[in-house]
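# Using only what follows, build the 3D model:
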Amino acid sequence: MKKLILCTITLLLVLLTLYACSDEREENKTDIEKPGEGIIVSENESNENEVDPISIGKIENYEGMEITDWIDEHTVVLAKENQEFEKMSLLENAEFYPRSIYVYNLDTKEFKTIKAQKDMFLGGATLSPDKNHLLYYENSIGDIAYYMMSLGEGEKTLVTEDIIGSVYTAEWTDENHVIGASYAGGAVMADTEGNVTPIAELQEEQLFNVHKMQEKIYYITTENPSFQVYKMDWNTKEKKKLPLENAERITLSPDGKQLLVTQTTGNTKRLIIADTDGNIQSIIAEGSDVTGASWSPNQQMIVYQSSSIINGEEKSGLHLYEVTSDESIQIVQDIGNVKTKWSPSGKKISVVELDEKIYNSSIISID
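Model prediction:
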């Protein structure tokens with residue numbers, strides 16, 4: 001994996017001055033290349049309309065670990081190879097050990113095993129909003145299967161393997177419920193008591209992914225038309241086609257009033273903010289690839305990775321977008337496809353990159 005590179009010399013803070021008027025920013029800014037860094041930041045001649053700056057602190061690397069969620073500011077949930085087991089015997093070329101799920105203390109560097117199983121890759125572990133249950137997947141040589149377990153009692157609650165096991169996406173909708181898109185078509189809801197209910201109104205749909213917040217379900221179809229975004233009212237069951245086509249990913253804002261959407265447009269991808277009716281409010285980024293976009297808990301910032309071809313050479317980086325000012329700053333360079341997760345306070349971001357079938361993570365601090 002290419003190491004996450006801090007955009008300043010060790011512990012040097014990167015300050016970005018944000019202005020309310022984009023026209024004034026374009027007229028007054030001077031691009032300066034920081035010596036030895038290869039990162040361009042903007043310095044403005046005027047100090048009018050200045051808001052609190054963003055400053056980036058240290059970056060810590062965690063090789064071989066896939067950080068998937070935060071328990072608190074000092075503790076994360078992650079998956080990594082478990083060398084207490086033999087290598088995967090179910091694979092033709094047994095190159096890898098099984099992957100297990102752990103709780104990891106960032107301060108003491110101590111691991112606590114949450115779930116381990118011979119000949120099984122475990123991952124994708126996310127906490128319910130009340131942090132009492134864990135959603136995760138198992139995979140050996142076939143399709144992934146999703147499960148839930150209680151963290152309080154430490155006993156796995158099997159969520160009907162023959163039904164939940166047939167979903168290829170799953171995520172929490174509230175403290176007690178999960179929604180997932182099924183291999184067989186449609187979607188299901190499952191609760192922490194082990195009850196699974198197909199969503200009847202979606203059974204004829206072929207879904208790419210599905211999300212639910214409050215009383216609305218948002219989903220992307222894979223046919224008629226392909227990768228089209230729809231919204232369904234949970235109470236009235238009314239469906240509405242949104243003006244968002246060629247969508248790859250939807251991320252709902254913390255308050256449920258905005259959509260963060262990754263779209264394909266010809267040979268490029270772009271990241272946009274839209275309202276819940278699909279009306280575009282802002283185009284954040286556009287390039288050859290855009291991945292890992294996620295909202296900060298206070299909904300004021302968005303982190304994302306983007307790549308672009310410049311003079312025949314691919315340039316990539318991790319960026320922070322400030323919603324109020326409509327400004328982005330690159331905080332890491334030379335980084336590929338990622339997944340990101342904000343800590344509860346919004347002061348840290350975990351970044352996971354897959355490097356030749358090995359997950360590596362980093363944590364970026366925002367001061």
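# From now on I want contacts and neighbour counts done on CA atoms only, so please keep to that.
OK.
# in this structure, which spans are helices?
Under the criterion DSSP state H, helices of the chain are mapped to 22-28.
# so where's it uncertain?
1-53, 91-93, 153-165 (pLDDT under 70).
# cutoff 50 now
Applying pLDDT under 50 to the chain flags the ranges 1-51, 154-163.
# Tell me which residues touch the closest residue to S182 other than its chain neighbours, please.
Spatial nearest neighbour of S182, excluding adjacent residues (Cα to Cα, 6 or more residues apart in numbering): V167 at 4.0 Å. Neighbour list for V167: 144-146, 180-183, 187 [criterion: Cα atoms under 8 Å, 6 or more residues apart in numbering].
# Among those, which are located in strands?
Counted as lying in strands by DSSP state E, out of the contacts of V167, are 145-146, 180-182, 187.
# of all those, which comes closest to I101?
Y146 (13.7 Å; Cα to Cα).
# Check the gap between the closest residue to L134 other than its chain neighbours and F208 for me.
Spatially, and ignoring its direct neighbours in sequence, L134 is nearest to L127 (4.7 Å; Cα to Cα, 6+ apart). Using Cα to Cα, to the nearest Å, we find L127 at a distance of 23 Å from F208.
# Name the nearest residue to G57, ignoring sequence neighbours.
G57 sits nearest to S365 (Cα to Cα, 6+ apart), 5.0 Å away.
# What is the neighbour count of that neighbour?
Using other Cα atoms under 10 Å, S365 is surrounded by 17 other residues.
# Repeat that for P344.
Other residues within reach of P344, judged by other Cα under 10 Å, total 16.
# Verify the stated contact: Q206 with G186.
Yes - taking Cα atoms under 8 Å as the definition, Q206 is a contact partner of G186 at 6.0 Å.
# thinking again about what came up before, looks like the residue nearest to G57 contacts K58 (just checking).
Yes - here S365 reaches K58: they are 5.7 Å apart, a contact under Cα under 8 Å.
# quick revisit: and the residue nearest to L134, what is it in contact with?
With the criterion set at Cα under 8 Å, 6+ apart, L127 makes contact with 69-71, 133-135.
# Could you export those as CSV, including distance to T222 and neighbour count?
Output for the contacts of L127, formatted as CSV (distance: Cα to Cα, whole Å; neighbours: other Cα atoms under 10 Å):
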residue, distance to T222, neighbour count
D69, 29, 22
W70, 32, 23
I71, 34, 17
H133, 31, 22
L134, 29, 23
L135, 25, 20
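# out of these, which are inside strands?
Those of the contacts of L127 lying in strands (DSSP E): 69-71, 133-135.
# ok, those vs D275, which is closest?
Proximity of those to D275 was ranked by Cα to Cα; the top entry is D69 with 26.5 Å.
# what is the closest one paired to in the beta sheet?
Per DSSP bridges, the residues bridged to D69 are V77.
# returning to what we had before: how about the contacts of V167 in TSV, adding distance to S226 and neighbour count?
As requested, these are exported to TSV (distance: Cα to Cα, whole Å; neighbours: other Cα under 10 Å):
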residue	distance to S226	neighbour count
I144	24	19
A145	25	22
Y146	26	28
G180	19	27
A181	16	28
S182	17	25
Y183	16	17
A187	17	29
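# Could I get the contacting residues of K112?
The contact partners of K112, by Cα under 8 Å, 6+ apart, come to 102-104.
# Recalculate using a threshold of 6 Å.
Contact analysis of K112 by Cα atoms under 6 Å, 6 or more residues apart in numbering lists 102-103.
# how close does it get to G180?
For K112, the distance to G180 equals 28 Å [Cα to Cα].
# got it, and L318?
From L318 across to G180, the span is 29 Å (Cα to Cα).
# How about V290?
24 Å.
# Next, count neighbours for N235.
Counted with other Cα under 10 Å, the neighbours of N235 add up to 8.
# Is it correct that F121 is in contact with Y137?
No - between F121 and Y137 no contact is recorded; they are 8.2 Å apart, counting by Cα atoms under 6 Å.
# got the CA positions of stretch 138-147 in CSV?
The C-alpha coordinates for stretch 138-147 follow below in CSV (Å, rounded to 0.1, in the frame of the first residue of the first chain):
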residue,chain,number,x,y,z
GLU,A,138,-18.9,-14.0,6.6
ASN,A,139,-17.3,-15.3,3.4
SER,A,140,-15.3,-18.3,2.5
ILE,A,141,-15.4,-19.2,-1.2
GLY,A,142,-18.9,-18.2,-2.2
ASP,A,143,-21.3,-15.3,-1.6
ILE,A,144,-21.1,-13.3,1.5
ALA,A,145,-23.7,-13.9,4.3
TYR,A,146,-24.7,-11.2,6.9
TYR,A,147,-25.2,-11.7,10.6
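# and D289, what are its bridge partners?
According to DSSP bridges, the partner residues bridging D289 are S307.
# For it, give me its contacts.
So, once contact is read as Cα under 6 Å, 6+ apart, D289 ends up touching 269, 306-307.
# Need the residues you listed in JSON lines (columns: neighbour count).
Converted to JSON lines, the contacts of D289 look like this (neighbours: other Cα atoms under 10 Å):
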{"residue": "K269", "neighbour count": "23"}
{"residue": "S306", "neighbour count": "28"}
{"residue": "S307", "neighbour count": "24"}
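# could these be laid out in JSON lines, adding distance to Q330?
What follows is the contacts of D289, written out as JSON lines (distance: Cα to Cα, whole Å):
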{"residue": "K269", "distance to Q330": "18"}
{"residue": "S306", "distance to Q330": "10"}
{"residue": "S307", "distance to Q330": "12"}
